[in-house]
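Enquirer: need a structure here:
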Amino acid sequence: MQINLIVNEMIKIFDHLYDLRQTDGPMFELYMRNALLLVVDNDAPGTLMDVPRVFEDKDYRDYLKCICKNPLVVRFWSEQAERAGGESALANIAPYITSKLNQFTHNALLRPIIGQCKSTIDFRQLMDHRQILLVNLSKGLLGELDTPMLRMLLIGKLFFAAMGRVDVPEAQRTPFHWYVDEFQNFTTGTVAHLLSESRKFGIRLTLANQNMAQLNRGYCRDSLIEAVLGNVGNLLVFRMGAADAEKLVTYTRPELGSQDLQYLPDFHAVARLLKHNTPLRPFVFQTLPKQKRMMTAQTTRMVRDTILNNCRMHYTRSVLEVEREIIDRCNRTVHDNAYEERVETEAEVTQTTARTTKRENVRRAAMRRMAESELLALAIAKCDCFTIRTSKGL
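Expert: Model (predicted):
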């Protein structure tokens, strides 16, 4: 089930990045979905870095077909993809598919992130144990092309972790607060689902952006703005522009009009609250002014650097180490994989045999002790009988 969710989310990400509806989407989705399932649905799951190799290396593809757990995926590659001819031949389809991946697999920044077989961050543990995760996705730091991919991967991980809480009673789900700045950039269908379903999974969302017009442009924006306004119970409105005031005045009439929302004083806001599931009349209230810092700038930097260094020690890996693993995995042949799998199987059999032998030895020792105890008890009983008979004879 988790594998299907991951594959569906990856298809959504590629649809958002390349607009598959305009670029022969069904064929791309067919081959990409089966390639992802072939790579991950086995006992030795790979990464996004291994997907291009599925199209380029027939021996590697055959090896994955032997260990894949999904017979439908194996049948697709054996009976359909590899037998297709003409323009639909695998040799013609492969560049079309892999060209969508080169942006990430050949990227020095993204490659160490997507190339690890196991994440160093457990998002489910993060939620359940009240941990804090800070992510800097600044375009100035990461670039215009890399930031969207990381944003959508992060949303997918959080969404899977939230949905995984279905195995915990609703009353026992620890609240998890998620703060997102410039959230108009986080615009997949997953965000709309989070807005409508996150409450029951204990997720509290705080989303910030400049104006509502940002939510009306691009991919999946209609469902996004409807999800934002449709899931708002308590509404707090600070001073805003004319366009946004015209949209939100519906919630404040007849007490306050569009002009009132545009000319609110500093540190004042309009509130429309729910009480016992019934909306109250809008009213204006005054907020607290900005508070002074409790620590100096130098102390703040020292605390920040200490936290960053501790987190890097516990939750990160060296880029050089990850790059070496990626290179080793790419250079490893099918025979190396088969040999390693055989060695692991033999080691597992050896460990199982050792555990069985140990249990058998413990069982035999227990039986031996039990037999010795029974013999001792029998000997004592005979001695008692002998002593009684002897005393009676005397």
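Enquirer: residue boundaries of the helices in the stretch 201-350 of the chain?
Expert: 221-230, 242-248, 258-262, 297-315, 319-331, 334-393 (DSSP state H, counting those that start in this stretch).
Enquirer: list the buried residues of the fifth one.
Expert: The neighbour-count criterion (16 or more other Cβ atoms under 10 Å) identifies 322, 325, 326, 329 as the buried residues of helix 319-331. (Glycine included, C-beta is placed from N, CA and C.)
Enquirer: where's the dip in pLDDT among the residues you listed?
Expert: Among the buried residues of helix 319-331, residue 329 has the lowest pLDDT, at 77.
Enquirer: mind checking how far that residue is from residue 110?
Expert: Using Cβ to Cβ, to the nearest Å, residue 329 is found at 16 Å from residue 110.
Enquirer: repeat for residue 162
Expert: Taking Cβ to Cβ, one finds residue 162 at 24 Å from residue 110.
Enquirer: if you count surrounding residues, which of these two has more?
Expert: residue 162 (23 against 20; other Cβ atoms under 10 Å).
Enquirer: list the contacts of the residue lying closest to that one once chain neighbours are set aside.
Expert: Excluding its sequence neighbours, the residue lying closest to residue 162 (Cβ to Cβ, 6 or more residues apart in numbering) is residue 201, at 4.5 Å. Applying Cβ atoms under 8 Å, 6 or more residues apart in numbering, we find residue 201 in contact with 162, 163, 165, 166, 173.
Enquirer: redo that, cut-off 10 Å
Expert: By Cβ atoms under 10 Å, 6 or more residues apart in numbering, the contact list for residue 201 reads 127, 159, 161-166, 168, 170, 173, 176, 194.
Enquirer: list buried residues within those.
Expert: Looks like the contacts of residue 201 have 127, 159, 161, 162, 163, 164, 165, 173, 176, 194 buried, using 16+ other Cβ under 10 Å.
Enquirer: picking up where we left off before, any idea which of the helices of the stretch 201-350 of the chain has the lowest pLDDT on average?
Expert: Minimum mean pLDDT among those: helix 334-393, a mean of 59.
Enquirer: tell me how far residue 290 lies from residue 177.
Expert: 21 Å.
Enquirer: same drill for those two, tell me which one is more crowded.
Expert: residue 177 (11 against 7).
Enquirer: thinking residue 39 is in contact with residue 48, fair?
Expert: Yes: with contact defined as Cβ atoms under 10 Å, residue 39 counts as touching residue 48 (8.2 Å).
Enquirer: more neighbours, these two?
Expert: Taking other Cβ under 10 Å, residue 39 and residue 48 do not tie; residue 39 has more neighbours (23 against 19).
Enquirer: in a strand, the more buried one, correct?
Expert: No: Residue 39 sits outside any strand when classified using DSSP: H, G, I helix; E, B strand; the rest coil, being helix.
Enquirer: so the residue lying closest to it once chain neighbours are set aside, which of the three states?
Expert: Leaving aside its chain neighbours, residue 39 sits nearest to residue 46 (4.3 Å; criterion: Cβ to Cβ, 6+ apart). At residue 46 the chain is in coil, as set by three-state DSSP.
Enquirer: residues contacting residue 46?
Expert: Shown in contact with residue 46 (Cβ under 10 Å, 6+ apart): 36, 38, 39, 40, 53, 54, 60, 64, 115, 117, 329.
Enquirer: repeat for residue 152
Expert: 9-10, 12-14, 16-17, 185-188, 190-191.
Enquirer: distance of it relative to residue 101?
Expert: 15 Å.
Enquirer: swap in residue 181?
Expert: Plainly put, residue 181 is 29 Å away from residue 101 if you go by Cβ to Cβ.
Enquirer: over to residue 3?
Expert: Counting by Cβ to Cβ, the gap from residue 3 to residue 101 is 19 Å.
Enquirer: between these two, which is the more surrounded one?
Expert: Comparing residue 3 with residue 101 by other Cβ under 10 Å, the one with more neighbours is residue 101, at 18 against 14.
Enquirer: from what I see, the more buried one and residue 48 are in contact.
Expert: Yes: counting by Cβ under 10 Å, residue 101 does reach residue 48; the two are 6.9 Å apart.
Enquirer: overlap in contacts, these two.
Expert: Going by Cβ under 10 Å, 6+ apart, residues that sit against residue 101 and also against residue 48 are residue 114.
Enquirer: ok, back up a step: for the contacts of residue 46, which one is nearest residue 361?
Expert: Closest approach to residue 361 among the contacts of residue 46 (Cβ to Cβ): residue 117, at 36.9 Å.
Enquirer: for the residue nearest to that closest one when sequence neighbours are not counted, give me phi and psi.
Expert: Distances taken as Cβ to Cβ, 6+ apart place residue 47 nearest to residue 117, at 5.9 Å, with adjacent residues excluded. According to degrees, to the nearest 10, the main-chain angles of residue 47 amount to phi -130, psi -180.
Enquirer: one more: residue 45?
Expert: Residue torsions, per degrees, to the nearest 10, at residue 45 are phi -60, psi 140.
Enquirer: and the pLDDT for it?
Expert: Per-residue pLDDT puts residue 45 at 76.
Enquirer: now swap in residue 218 and tell me
Expert: Per the predicted model, pLDDT is 53 at residue 218.
Enquirer: quick thing: my sequence starts at 51, can you match it?
Expert: That works, and once the first residue is 51, the last one we named lands at residue 268.
Enquirer: and the contacts of residue 202, which two are furthest apart?
Expert: 60 and 235 (18.6 Å).
Enquirer: looking at those two, which is more packed in?
Expert: Taking neighbours as other Cβ under 10 Å, residue 60 and residue 235 compare with residue 60 leading, 19 against 16.
Enquirer: list the contacts of residue 214.
Expert: 51, 52, 55, 173, 174, 177, 178, 251.
Enquirer: swap in 8 Å and give it another go.
Expert: residue 174.
Enquirer: distance of residue 132 relative to residue 144?
Expert: 11 Å.
Enquirer: and the residue nearest the centre of this protein?
Expert: Residue closest to the average C-alpha location in the chain (Cα atoms, centre = their mean): residue 207, at 2.0 Å.
Enquirer: got the phi/psi numbers for it?
Expert: phi -60, psi -40.
Enquirer: great, nothing more from me.
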